[in-house]
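Trainee: A predicted structure for the sequence below; I have some questions about it.
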Amino acid sequence: MSDPRPASPHVEQIISPSWNESAWVRYGLAVAAVAAATLLMFALYAVFKLEYGSAPFSFYFGAVILSARFGGRWPGLVTVLLSAVTSHHYFLPPFGSSSFDFYSILQVSVFALVSLFIVSLTDRSSRAERAARKNRESLETTLKSIGDAVISTDAAGRVEFMNAVAERLTGWPLNEARGRTLAEVFRIVNEQTRAEVESPVAKVLREGETIGLANHTVLIARDGAETPIDDSGAPIKDERGRTTGVVLVFHNISERRKTEASLRQRERELTDFIENATVGLHWVGADGTILWANRAELEMLGYESEEYIGHNIAEFHANDEVIADILTRLTGKDELHNYEARLRHKNGSIRHGLISSNVLWDERGEFIHTRCFTRDITERKQAEERLRESEERLRAIAETASDAIITIDEASTILFANSATGKIFGYAKEEIIGQSLTALMPDYMRRAHAHALGRYVETGRRHISWDGIELPGLHHDGHEFSLEVSFAEFMLDGKRYFTGVARDITERKRAEGEMAKLAAIVESSDDAIIGKTLDGRITSWNDAAERMYGYAAEEVTGRHISLVAPKDRTEELAETMSRLKRGERVVHLETVRVRKDGARLDVSLTISPIRDAAGHFVGASTIARNITEQKRVQEKLRESEERFRNLADNAPVLIWVNDLEGCEFVNREYINFLGVGEVDVRGFDWAQFIHPDDRNYYISTYLEALSSAAMFEAQFRFRRNDGEYRWMQSVGAPRFSAAGKIVGYIGSTLDITDIKQAGERMAFLAEAGETLSSSLDYETTLERFALFAVESLADYCLIDIASDDGEVRRVATAHRDPALNALVGELRRFPPDLSKPEGVPKVLRTGKTETVARLTEERFASLTQGEVHRRLLEQLGLKSFMTVPLVARGRTTGALTLAATAKERAYAPA
């Protein structure tokens, strides 16, 4: 059905199924109201017998008001129209009749105008009421549905309204609370002081403004329950601004309190966490000033808060470039992660840190401060350094180890090999890396190795020991050798690796063979070999010991070694054991031991301490040799040697005995001749006393005789205890061992100086006579004579001749060394000064020989004739001289001076 109401832009059309029913009611009400007014008008006219046309609209005004009030504008207008028509029809003269006059028209017009005004006023009032009711209903719905509690009061502070939240918090239902004072329903106290809090209504009514409750306010409900609340009160004012009531809005802040308490607790925990964190944290301003730092930061660097906060961060960085880079990057909105820096500790040391930092910016992009976390990695750096040093040490150990150290992967590829590997296997170390391990083993081992390694990698089961196994190795040159190998495995990045240590035991195997031989030798030795502990308990006893001492091994094992020592050797045995405990060796100790049958044996003991692998002394090994027969022979030999020594020491010649190592014995006459006193004959250098010119001759003659085991004979000059060289003749007879081999000489040495000199004089005179008889030129003859003299009697020779007029001329000079003849010839410039009391002048005057064995400084000075002469004599090295007169026809006509430049040729007075 279409809407029966006329369309109007001022009327809100609501098309709904219930519209027709409401429209019929409203318009029906209008018709009913007109009908009722008409009936009342008929009753009025009937009761009061009114005249026709008097008060024609008396009850129709009520019908208009009723229909307009409850039906609305359009039903009201319909009522006006129906009322005018009905009234005109029944209570006014008909239109157009003589009775219908201006007065009737005026009545109808006034009725219409007043009715229209009533309809308009009533409609506007209804609309306002409906809007107010709608607003009130909407407000009530809103207040009931919001989470806050709402209470409204009148101007006297009496409760007019409260929503369900307010009912629940106060404990008062609205029907009981309405009309009561707010103070009765809304009881509030201070949470901390428990004092009553002023009613917010009174304060709002007094001040006329919106207010809020003080903090820490608690609402006490009707049943005494307490609820912390937060509220505000606002005045309700009418259109003239008068306060007609108060609305109070409050809500339960228990959860907020819990949340705030939780937040405060979290804040305290976070503050405590930051302050007590193990990681340093600080804030730095845009200018580099430290704004805040936690305890860990301060403790890490050793500063108090006032020594750190407020200072520039650069003061605490050891590298200016690093902190400049950090600040530049942070200012450029970069973020730092684990930036390594070196920081200054208060004590002057350097701490290493990892810095992670970014900047807090405000909404305008302004720099507020940095947020820097500093993790102390000093210990890690030190650990890394120690690890690096440890790795270096391990690498150094590996490189200096004498054993081969090799690391392989699961494919048997060599990843690492030390220098010893190359030396042991004959490769350069670089050649081994990357090769298969099978390159270092013989062909017949390679397949077995590959199979065993693959099986272990797959199953993890070992089929042989990995510790100290003996395997063959293959040298680069192709020969095999013995190895002792130990393996170990380790995991790295989920991969399995193996490291082996291989030791070349070729020498050890050879040594073991030698030890086996030695063990056989020990058992077959004729010497008793005994092992014992440091406290003297016998641990081993070879066959020779059984034969020597008469005890079987099982009889003595575990017993003390004193079993075979006589009682009178107790102290000696104790001293020997003490020396062994100190690690000392006892060599060739000649002592006495006792056999099982009581017989005493002379034995020679060599006792050596035994060390374990750690170098500790754990026992001793004794080698005992029966020297009873040897001692008897030695005693006889000693007696023989004693007789020989007595005989030799009383002999008037020099007697000596030597062996292949040197001199064994010289007699007392030998010692006295040399004047050396008590000396170690064996180690003494006897050859030093042989004249240097004769030493090589003597030694070569001796060695020649020794090589052929012939008699030895030699003439040589030997220095006597007074420094004079004497001509000696040695004769030695070879000594032979029992095997017929020469072992040395026994000989004697005789002083033949006088015999030798007599022979030389005879030879010299014979030669001189031959020279003199072969020439009539005496100067030539004297020069030849001088040459003969230096060949056998002097180092250099001077001949001076006195003339009849008393002048002395030096007519001949000669030197043993032809290279020095020119130098000695310079002495011709310095003939003898006859005014001198000694020397040639003295010999010429006295006709007697003058001998100077050792030239003193004073005597040297008396011979010189000025500085040049002195230097010549020094260059020639004059040490001793002898001046002999030359006599012709019974008169001294000159002098022969024989000069020696070495003390070995010193002249002695006749």
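Mentor: Received it, and whenever you're ready, just let me know what you need.
Trainee: Around the residue lying closest to Ser305 once chain neighbours are set aside, count how many other residues there are.
Mentor: Spatially, and ignoring its direct neighbours in sequence, Ser305 is nearest to Leu298 (6.2 Å; Cβ to Cβ, 6 or more residues apart in numbering). Placement of C-beta: from N, CA and C, glycine included. With neighbours defined by other Cβ atoms under 10 Å, the count for Leu298 comes to 18.
Trainee: Count the neighbours of Tyr796 for me.
Mentor: That count, for Tyr796 with other Cβ under 10 Å as the rule, works out to 26.
Trainee: now Leu855, what's its secondary structure?
Mentor: The three-state label given to Leu855 by DSSP: H, G, I helix; E, B strand; the rest coil is coil.
Trainee: residue contacts, it?
Mentor: When contacts are counted by Cβ atoms under 8 Å, 6 or more residues apart in numbering, Leu855 touches 878-881.
Trainee: Now, those that are in strands?
Mentor: The strands, defined by DSSP state E, take in 880-881 from these.
Trainee: so which of the contacts of Leu855 comes closest to Asp320?
Mentor: Lys879 (83.6 Å; Cβ to Cβ).
Trainee: quick one: that closest one and Arg859, what's the gap?
Mentor: As for Lys879, its distance to Arg859 is 11 Å (criterion: Cβ to Cβ, to the nearest Å).
Trainee: between those two, who's got more neighbours?
Mentor: Lys879 (20 against 13).
Trainee: my read: the more buried one touches Tyr907, true?
Mentor: No. The criterion here is Cβ atoms under 8 Å, and Lys879 misses it with Tyr907 at 9.7 Å.
Trainee: re the thing from before, of the contacts of Leu855 - the most surrounded one?
Mentor: The contacts of Leu855, ranked by neighbours (other Cβ under 10 Å): first place Phe881, 25 neighbours.
Trainee: On the pLDDT front, check the residue nearest to that residue when sequence neighbours are not counted for me.
Mentor: Nearest residue to Phe881 in three dimensions, chain neighbours excluded: Ala899, at 4.5 Å (Cβ to Cβ, 6+ apart). The model reports Ala899 with a pLDDT of 89.
Trainee: phi, psi of Ala899?
Mentor: Backbone torsions of Ala899, given as degrees, to the nearest 10, read phi -110, psi 140.
Trainee: and if you look at Gly740?
Mentor: Torsion angles, degrees, to the nearest 10, at Gly740: phi 90, psi 10.
Trainee: Residue numbering should commence at 482 henceforth.
Mentor: Right, with 482 as the first residue, what we last looked at is Gly1221.
Trainee: where does the residue nearest the centre of the chain land on pLDDT?
Mentor: Taking Cα atoms, centre = their mean as the criterion, Arg867 is the residue nearest the geometric centre of the chain, at 1.3 Å. Note for Arg867: predicted pLDDT of 80.
Trainee: Can you tell me the element it falls in?
Mentor: helix 859-881 (DSSP states H and E).
Trainee: which helices and strands does whichever helix or strand comes after that helix pack with?
Mentor: Using DSSP H and E, the helix or strand that follows helix 859-881 in sequence is strand 885-889. If contacts are counted by 3 or more Cβ pairs under 8 Å, 6 or more residues apart in numbering; DSSP states H and E, strand 885-889 sits against strand 895-898, helix 900-906, strand 976-985.
Trainee: Which of those sits closest to Leu1301?
Mentor: So among those, helix 900-906 is nearest, using Cβ to Cβ, at 63.1 Å.
Trainee: on that earlier part again, quick one: the helices and strands packed on strand 885-889 as JSON lines, columns for mean pLDDT and distance to Ala1195 too.
Mentor: Output for the helices and strands packed on strand 885-889, formatted as JSON lines (pLDDT from 0 to 100; distance: least, Cβ to Cβ, whole Å):
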{"stretch": "strand 895-898", "mean pLDDT": "88", "distance to Ala1195": "67"}
{"stretch": "helix 900-906", "mean pLDDT": "86", "distance to Ala1195": "57"}
{"stretch": "strand 976-985", "mean pLDDT": "86", "distance to Ala1195": "57"}
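Trainee: Just name the most buried of these.
Mentor: Across these, the average number of neighbours (mean count of other Cβ atoms under 10 Å) peaks for helix 900-906, which reaches a mean of 20.
Trainee: Counting by contacts, list what that helix packs against.
Mentor: Counting contacts by 3+ Cβ pairs under 8 Å, 6+ apart, helix 900-906 is packed against strand 885-889, helix 910-913, strand 950-955, strand 976-985.
Trainee: so what strands line up beside the host helix or strand of Ala1101?
Mentor: Per DSSP H and E, Ala1101 falls inside strand 1098-1107. Take DSSP bridges as the rule and strand 1098-1107 pairs in its sheet with strand 1009-1014 (antiparallel), strand 1081-1092 (antiparallel).
Trainee: out of the ones you listed, deepest packed?
Mentor: It is strand 1009-1014: most buried of the strands paired with strand 1098-1107 by mean count of other Cβ under 10 Å, with a mean of 20.
Trainee: Distance-wise, check the residue nearest to the centre of the chain relative to Thr759.
Mentor: 22 Å.
Trainee: And for Ala1300?
Mentor: For Ala1300, the distance to Thr759 (Cβ to Cβ) stands at 96 Å.
Trainee: Arg723 too?
Mentor: From Arg723 to Thr759 the distance is 68 Å (Cβ to Cβ).
Trainee: in the sheet, who's paired with Glu1194?
Mentor: According to DSSP bridges, beta-bridge pairing links Glu1194 with Val1212.
Trainee: what's the burial count for it?
Mentor: If you count neighbours by other Cβ under 10 Å, Glu1194 ends up with 13.
Trainee: I figured it hits Tyr1226, correct?
Mentor: No. The pair Glu1194 / Tyr1226 is not scored as a contact, 11.0 Å apart, by Cβ under 8 Å.
Trainee: Common neighbours of those two, please.
Mentor: If you check Glu1194 and Tyr1226 against Cβ under 8 Å, 6+ apart, the residues they both contact are Gly1213.
Trainee: Need the phi and psi values for Glu844.
Mentor: Given degrees, to the nearest 10, the pair of backbone angles that Glu844 has is phi -70, psi -20.
Trainee: I meant Ala1342, not that one.
Mentor: Residue torsions, per degrees, to the nearest 10, at Ala1342 are phi -60, psi -30.
Trainee: how many other residues sit next to it?
Mentor: 9.
Trainee: any idea how far Arg1351 is from it?
Mentor: Computed with Cβ to Cβ, the distance linking Ala1342 and Arg1351 is 8 Å.
Trainee: Ala1381 now?
Mentor: 18 Å.
Trainee: more neighbours, the two?
Mentor: Ala1381 (23 against 14).
Trainee: so what's that one up against?
Mentor: Shown in contact with Ala1381 (Cβ under 8 Å, 6+ apart): 1275-1276, 1359-1362, 1387-1388.
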